[in-house]
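Visitor: sequence and computational prediction follow.
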Amino acid sequence: MAKEKESVTGRDGYILCKALAYAINVIERLPETRQEWSDCQDMKLILATLNPTLAKIGTRSAQEHLDGGLGEMMGRPIPNPTVSEVGRA
């Protein structure tokens with residue numbers, strides 16, 4: 001049996017889950033002919049297995065973040081929050 005390695009950052013699992021959530025969102029936004037469907041399905045399975053709670057929260061959070069930032073590069077509008085909305089973020 002392989003020896004489990006120590007965490008590099010102290011939060012490796014969280015970072016991996018977050019990276020998977022972003023990757024899933026980006027792949028799903030691609031035109032259907034360019035989506036890497038089997039990779040995306042495997043990523044969803046890995047994410048759900050690593051941390052089911054973070055899978056739900058992280059995927060939604062990544063989606064909202066992409067809609068507000070990278071969304072412009074992908075043809076989606078960037079919301080323009082008011083100063084009072086920024087303070088609540």
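Guide: Ah, there it is.

Visitor: please name the residues that touch Tyr22.
Guide: 62, 65-66 (CB atoms under 8 Å, 6 or more residues apart in numbering). Placement of C-beta: from N, CA and C, glycine included.

Visitor: in TSV: those, plus secondary structure and pLDDT.
Guide: Formatted as TSV, the contacts of Tyr22 follow (DSSP: H, G, I helix; E, B strand; the rest coil; pLDDT from 0 to 100):
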residue	secondary structure	pLDDT
Ala62	helix	84
His65	helix	82
Leu66	helix	82
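
Visitor: show me which of those are buried.
Guide: Neighbour counting by 16 or more other CB atoms under 10 Å classes 62, 66 among these as buried.

Visitor: okay, the contacts of Tyr22 in JSON lines with distance to Arg11 next?
Guide: Putting the contacts of Tyr22 into JSON lines (distance: CB to CB, whole Å) gives the following:
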{"residue": "Ala62", "distance to Arg11": "16"}
{"residue": "His65", "distance to Arg11": "18"}
{"residue": "Leu66", "distance to Arg11": "21"}
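
Visitor: quick one: which of the contacts of Tyr22 is nearest Ile46?
Guide: Distance to Ile46, by CB to CB, is smallest for Ala62 among those, at 14.8 Å.

Visitor: distance of the closest one from Ala21?
Guide: Distance from Ala62 to Ala21, counting by CB to CB, to the nearest Å: 4 Å.

Visitor: least confident secondary structure element in the chain?
Guide: Lowest by mean pLDDT, DSSP states H and E among the helices and strands of the chain is helix 83-88, with a mean of 41.
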